[in-house]
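> Here is my input, please return the structure:
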Amino acid sequence: MDVNKLPRFLQLGGQVAAFFMALKGFSYFYEFLVFPAIMIWLGDSWGILVMTAAGTALNLIFILFYDWTEAEIVDEIREFMKRPAKTKVGTLLGKITNNRVGMFLLLSWEDPLYAIFYFRKGGRHGKSLEGSDWAIFIASNVMANFVWGSVVSTGLWLTTLFF
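Purely as a prediction, here's the structure:
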C-alpha cells in the first residue's frame, strides 16, 4: 500500500503516533529507570544536577533530529489546538492554552520538548534556535528536571521508610 495515497489526516496520524510513541518510550526509560538510578548513585543534589544536564543534552538531540527530518508534526498540532472548543474540557484547555505561563507549565511538566516545540519562534527545519527559544528551552528543562528530581527523591525516601 502506498502511504502517499492515504488521506492527509491518516498520514499525519501515523507520523504523530510514531513520533510520540518513540518519545514516550524513551522518556519512560529515562524517568523511571535512569533518573532514579543516578540519584541513588550520586545522591539527591548531584543526581538532579547531572540528570538536568543530561536531559537538556538529550532534548537538544531530539530537537536537532526533529529539524533534520523536516517533520511538520508540531506545526499541525499547534494549528489543531487553535480550533474552537466544543466541550467543557475543551473550554478549560482553551483557557490554559491562551495563557502563556499556564501553557509553559503544563507542557514543561509533561515533557520539556513539548514546551520548546510549542513556543518556538525560529529554528524550524535545520535552522538554529533563536534567543527566546533558548531561554524557553533551558527554563523548561531546568524546571521539569528539578520537579521530577523532587518527585523521585521523595519516592526514594518513602521507599527507605517502608523497606
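> Show me what the lengthiest helix in the chain is packed up against.
For the chain, the helix that runs over the most residues, judged by DSSP state H, is helix 131-162. The contact analysis (3 or more C-beta pairs under 8 Å, 6 or more residues apart in numbering; DSSP states H and E) places helix 131-162 against helix 35-42, helix 44-69, helix 100-110, helix 112-119. Yep, even glycine has a C-beta here, placed from its N, CA and C like the rest.
> What ranges in this protein fall below the confidence cut-off?
1-16, 69-98, 122-128 (pLDDT under 70).
> Contacts only, for residue 156.
Listed by C-beta atoms under 8 Å, 6 or more residues apart in numbering, the contact set of residue 156 reads 36, 39, 40.
> Kindly calculate the angle that the longest helix of the chain makes with helix 44-69.
Orientation check (axes from the mean of the first three to the mean of the last three C-alpha atoms, to 10 degrees): helix 131-162 against helix 44-69 gives 140 degrees.
> In helix 131-162, which residues are buried?
Buried residues in helix 131-162, counting neighbours by 16 or more other C-beta atoms under 10 Å, are found at 133, 136-137, 140-145, 148-149, 152-153.
> likewise stretch 36-56?
36, 38, 39, 44, 47, 48, 50, 51, 52, 55, 56.
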